[in-house]
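Asks: heads up, no residue letters with this:
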């Protein structure tokens, strides 16, 4: 079975705001749709929530609703709940992180993203980077390493999938 990728909110948000804006790189967005149709990439409902936030009229929010909605998978799933419990337990018992970091991590999509990846053996795609000494925030790559979950950035994912935009 080929590797399947689970996309973090920052994959969509950074592309939209910086280097693959809809008006200069529309092919990036159609490529994501095609990769999703080919069952190579997905994301989760909580990432969609972060993307849309309170502004559903934003171009990215509209695209998420209109063109990618069915590939934001539900986290309302027993396997995901079990993995989420393990991820949160790891975070809460890890003395490296400040209490505020633990609280934030439990309340954002990141914890659910890692749990979903753990539950379904997926590779996480994020622009966050591992930071060994970080205390004020729990980063996705730090959690992925703790659970031996592979993670890469958008550009590496595109290379591995031989995507051309």
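Replies: Noted; the coordinates are in hand. Please read all numbers here as calculations on a predicted model, not as lab measurements.
Asks: now do the longest helix seen in the chain: which elements does it pack against?
Replies: When the chain is parsed with DSSP state H, its longest helix is helix 78-93. Where contact means 3 or more C-beta pairs under 8 Å, 6 or more residues apart in numbering; DSSP states H and E, helix 78-93 is packed against helix 99-107, helix 109-120, helix 140-146. C-beta: built from backbone N, CA, C; applies to glycine.
Asks: mind redoing it with 6 Å?
Replies: For helix 78-93, the packing partners by 3 or more C-beta pairs under 6 Å, 6 or more residues apart in numbering; DSSP states H and E come out as helix 99-107, helix 109-120.
Asks: for the first one, what is the distance to the chain centroid?
Replies: Between the mean C-alpha point of helix 99-107 and the mean C-alpha point of its chain there is a distance of 17 Å (C-alpha atoms, centre = their mean, to the nearest Å).
Asks: and that helix, which residues are buried?
Replies: Neighbour counts using 16 or more other C-beta atoms under 10 Å place 101, 102, 104, 105, 106 of helix 99-107 among the buried residues.
Asks: ditto for the longest one
Replies: Burial within helix 109-120, assessed by neighbour count using 16+ other C-beta under 10 Å, is assigned to 109, 110, 111, 112, 113, 114, 115, 116, 117, 118, 119.
Asks: quick one: contacts for the fourth one?
Replies: Under the criterion of C-beta atoms under 6 Å, 6 or more residues apart in numbering, the contact list for residue 112 reads 44, 46, 75.
Asks: scan those residues and report the most crowded one.
Replies: residue 44 (25 neighbours; other C-beta atoms under 10 Å).
Asks: low pLDDT regions in this protein?
Replies: Within the chain, the ranges that satisfy pLDDT under 70 run 1-2, 54-57.
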